[in-house]
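Undergrad: coords please:
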Amino acid sequence: QVQLVESGGGLVQAGGSLRLSCAASGSIFSFDAMGWYRQAPGKQRELVARITGGGTTNYADSVKDRFTISRDIAKNTVYLRMNSLKPEDTAVYYCNADLRLGRSGQTLSNYWGQGTQVTVSS
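TA: The predicted model follows:
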């Protein structure tokens, strides 16, 4: 059974930093892409940042130059370094992953983590 376990959320003052981690566990052959989405109260879930197994990244315009996504392929783990945090970054952050399962990675499935709260005070 595949699980995505997130950590690193919390409360921080505006201008501060946090690092989120998401580790995928289970019978994983490899990952095609992993990323972070967020959902603020009353708003739709939105993409924050995403990285492929090959290292290609994309970011929401609102976080470019402030957030950095990275991955550890051997650990099936993705990180999100968040600098210069703003109150509008307050949201529940969800890890998402496109994982290849099976002995030869023949099965591609999408998974979500349980979410971690990030609160930025002004």
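
Undergrad: Give me the buried positions along stretch 101-113.
TA: Across stretch 101-113, burial judged by 16 or more other Cβ atoms under 10 Å covers 101, 111, 113. In short, each C-beta sits where N, CA and C put it, glycine included.

Undergrad: before we move on, what about stretch 64-83?
TA: Result for stretch 64-83 [16+ other Cβ under 10 Å]: buried residues 67, 68, 69, 71, 76, 77, 78, 79, 80, 82.

Undergrad: so what's the closest residue to residue 71 other than its chain neighbours up against?
TA: Excluding its sequence neighbours, the residue lying closest to residue 71 (Cβ to Cβ, 6 or more residues apart in numbering) is residue 78, at 4.8 Å. Residue 78 makes contacts with 21, 22, 34, 35, 36, 51, 69, 70, 71, 72, 95, 97, as judged by Cβ atoms under 8 Å, 6 or more residues apart in numbering.

Undergrad: mind listing what the second one touches?
TA: The neighbours of residue 22, taking Cβ under 8 Å, 6+ apart as the test, are 4, 5, 6, 7, 34, 36, 77, 78, 79, 95, 97, 113.

Undergrad: try the fifth one
TA: Taking Cβ under 8 Å, 6+ apart, we find residue 36 in contact with 20, 22, 47-50, 69, 78, 80, 93-96.

Undergrad: And the residue nearest to the spatial centre of the chain, which helix or strand is it part of?
TA: The centroid of the chain falls nearest to residue 36 when counting by Cα atoms, centre = their mean (2.8 Å). Using DSSP states H and E, residue 36 sits within strand 28-39.

Undergrad: How about that strand, which residues are buried there?
TA: 28, 31, 33, 34, 35, 36, 37, 38.
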